[in-house]
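Peer 1: Take this sequence and fold it.
(one chain, ligands or ions: 1)
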Amino acid sequence: MQTETTNTAQANFMLTEAEFNLIRTVVYKHCKISLNDDKIALVRARVTKQMRTGGFLSVKDYLDHVLSDHKSAAFIGFIDSISTNLTSFFRENQHFEYLSKVFLPNLMAKKRKAGDTRIMAWSAACSSGEEPYTLAMTLLEAAEQNPGAKCDFRLLATDISTAVLSTARTGVYAAPRMAGVPDRHRSKYFTACTTAAGERAYEVSPELRQIIRFRHLNLMDAWPFSGPFDFIFCRNVMIYFDKQTQQTLVERYWNCLRPGGLLFTGHSESLTGVKHRLTHRRPSVYEKCDL
Ligand SMILES: C[S@@+](CC[C@H](N)C(=O)[O-])C[C@H]1O[C@@H](n2cnc3c(N)ncnc32)[C@H](O)[C@@H]1O
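Peer 2: Purely as a prediction, here's the structure:
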């Protein structure tokens, strides 16, 4: 059954229900993103863009090519195109405020007493880097406000999309994307520059970069690290997963949080209906309580 038809100058594009079902099965199997019926227009638009870039004239040719090898650049590009990467600096700012005003000062005091300087965090599904760079600024500011604290920050930032990771590693953001960054932080942690397209932009400082390690990771695969992390940000990605997948993921996070560590989810992602061992501390903040 034909569900969508678009005529373009370059390609007559028809996405049949069977093709849409094939795409959603493959996507679910690979990264557990659930594409509901209402996502057909979005999938069509994204597949069309990929087809045009690759010069394909039919969806069948495109899918045959892309799906034949799950390790190929074409398949990675296809998955990149399906994932939603919306993010911004200081997004859902209450989390960063809670970290800087409450959690980090307490954590630093505890670590100082224990003679431990390392603070480890993970931005899982970091998209184009705004979230981990915001975390890096938050950590550095907290260290400055707690002068006695000697801190060695390690921030892991991962995502399934190679395209967004490349933007994150480049660390150059066009001026409109800097909207959420307070002026004081912008002058302290960024340098003004110009993009190749002549746009006004800002480049992150080496001080921020040196805290963060960007890595490619499908959250559904084995994780080549075990923490323990002091806190994990997994925000605005679980919304794309079904309850069972969320449950498995939250259990895996539990295993690599240190006791007293926190899991942050997106504000619209409550863990209601998900069985877990974390304690709900405040909206979208969950603690692995001391055993
Ligand atoms: C909407 S962005 C959220 C970015 C950031 N955490 C925030 O809240 O602003 C969702 C990100 O999840 C990533 N993603 C989706 N499925 C994933 C998976 N299975 N493993 C790792 N990352 C995934 C996407 O590539 C995308 O960059």
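
Peer 1: what residues does the stretch 151-291 of the chain put near the ligand?
Peer 2: 159, 160, 161, 164, 217, 218, 219, 220, 235, 236, 237, 266 (CB under 6 Å from any ligand atom). For every residue, glycine as well, the C-beta is placed using N, CA and C.

Peer 1: could these go into TSV alongside distance to residue 73?
Peer 2: What follows is those, written out as TSV (distance: CB to CB, whole Å):
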residue	distance to residue 73
159	17
160	14
161	13
164	16
217	18
218	16
219	21
220	20
235	28
236	26
237	23
266	30
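
Peer 1: helices or strands next to the helix or strand where residue 75 lies in the packing?
Peer 2: Using DSSP states H and E, residue 75 sits in helix 73-82. Contacts defined by 3 or more CB pairs under 8 Å, 6 or more residues apart in numbering; DSSP states H and E place helix 73-82 against helix 17-31, helix 40-54, helix 59-67, helix 162-170.

Peer 1: Ends of stretch 210-225, what's the gap?
Peer 2: Across stretch 210-225, the terminal residues are separated by 19 Å (CA to CA, to the nearest Å).

Peer 1: Go ahead and name everything in contact with it.
Peer 2: Residues outside stretch 210-225 that contact it (CB atoms under 8 Å, 6 or more residues apart in numbering): 30-32, 124-126, 129, 132-133, 136, 139-140, 153-160, 162, 165, 168-169, 237, 245, 249, 252, 256.

Peer 1: What of stretch 165-180?
Peer 2: So stretch 165-180 is contacted by 88-91, 93, 126-130, 132-133, 157, 159, 186, 190, 193, 195, 199-204, 208-209, 214-216 (CB under 8 Å, 6+ apart).

Peer 1: ends of it, how far apart?
Peer 2: 20 Å.

Peer 1: So which bits of that stretch are buried?
Peer 2: Judged by neighbour count using 16 or more other CB atoms under 10 Å, the buried positions of stretch 165-180 are 165, 167, 168, 171, 172, 173, 177, 178.

Peer 1: Poorly predicted segments of the stretch 1-150 of the chain, please.
Peer 2: 1-13 (pLDDT under 70).

Peer 1: near the ligand, which residues of it show up?
Peer 2: 31, 32, 33, 83, 84, 85, 86, 87, 91, 125, 127, 131.

Peer 1: quick one: the fifth one from residue 149, how far?
Peer 2: The span separating residue 84 from residue 149 equals 37 Å under the rule CB to CB, to the nearest Å.

Peer 1: Of the two, which one has the most company?
Peer 2: Neighbours were counted for residue 84 and for residue 149 using other CB atoms under 10 Å; residue 149 has more, 18 against 15.

Peer 1: what residues are up against that one?
Peer 2: 108, 109, 111, 112, 143.

Peer 1: Those: which two are farthest apart?
Peer 2: Using CB to CB, those span at most 12.5 Å, a distance reached by 109 and 143.

Peer 1: quick one, which of the two is more surrounded?
Peer 2: residue 143 (17 against 13).

Peer 1: Could you pull up the residues touching residue 267?
Peer 2: If you count contacts by CB under 8 Å, 6+ apart, then residue 267 has 92, 94, 283, 284 around it.

Peer 1: Just the ones in helices from those residues, please.
Peer 2: residue 94 (DSSP state H).
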